[in-house]
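*Asks:* Provide a 3D model corresponding to the input given below.
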Amino acid sequence: MPTSVVYQILGPADFESLREAYEVYEEAIWPSERKTFAALRTMLARADYRFALARDHGGSNAVVGVGVLFVAADFGLMEYLAVAPARRSAGVGSGLFRYGAGLVPGPVLVEVDLPEAAA
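*Replies:* Numbering: from 1, shown residues only. Take a look at the predicted model:
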């Protein structure tokens, strides 16, 4: 995992961090696949979802990545994984995936949507 990034779980009432994460999410996720901020806030309050954040550890503490996982009794589903454009290809996404996978009691499935398929 990159040393300049810190990974954490977003708490169910941390709407300020969710807003930061939503900015990254909104820029990275194809519009037809994106949920509204209100929908993500509802998911955040659910016991079967985990939101994993990657924060810049170099001073700004800004959210640079977010992963949204559905957690079932024996597996997980990474529904969304978004990384800020300036931090892509630097290991943030893979580190965030590994961190999120560590929160799940079994294997993690990944949902992949191609922009061309959504058009």
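
*Asks:* so where's the chain uncertain?
*Replies:* 1-3, 115-119 (pLDDT under 70).

*Asks:* where do the strands of it begin and end?
*Replies:* Using DSSP state E, the strands of the chain run over 5-9, 49-56, 63-71, 76-83, 108-110.

*Asks:* list the beta-bridge partners for Val108.
*Replies:* As for beta bridges, Val108 partners with Gly76 under DSSP bridges.

*Asks:* how many residues are close by it?
*Replies:* 19 (other CB atoms under 10 Å). Placement of C-beta: from N, CA and C, glycine included.

*Asks:* with Arg50 instead?
*Replies:* Neighbour number of Arg50 under other CB under 10 Å is 20.

*Asks:* again with Val5
*Replies:* Val5: 22 surrounding residues under other CB under 10 Å.

*Asks:* still on that earlier bit, possible to save the strands of the chain as JSON lines with distance to Ile29?
*Replies:* Formatted as JSON lines, the strands of the chain follow (distance: least, CB to CB, whole Å):
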{"stretch": "strand 5-9", "distance to Ile29": "19"}
{"stretch": "strand 49-56", "distance to Ile29": "14"}
{"stretch": "strand 63-71", "distance to Ile29": "10"}
{"stretch": "strand 76-83", "distance to Ile29": "6"}
{"stretch": "strand 108-110", "distance to Ile29": "14"}
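
*Asks:* just those strands: most buried one?
*Replies:* Highest mean neighbour count of those: strand 63-71, a mean of 24 (counted as mean count of other CB atoms under 10 Å).
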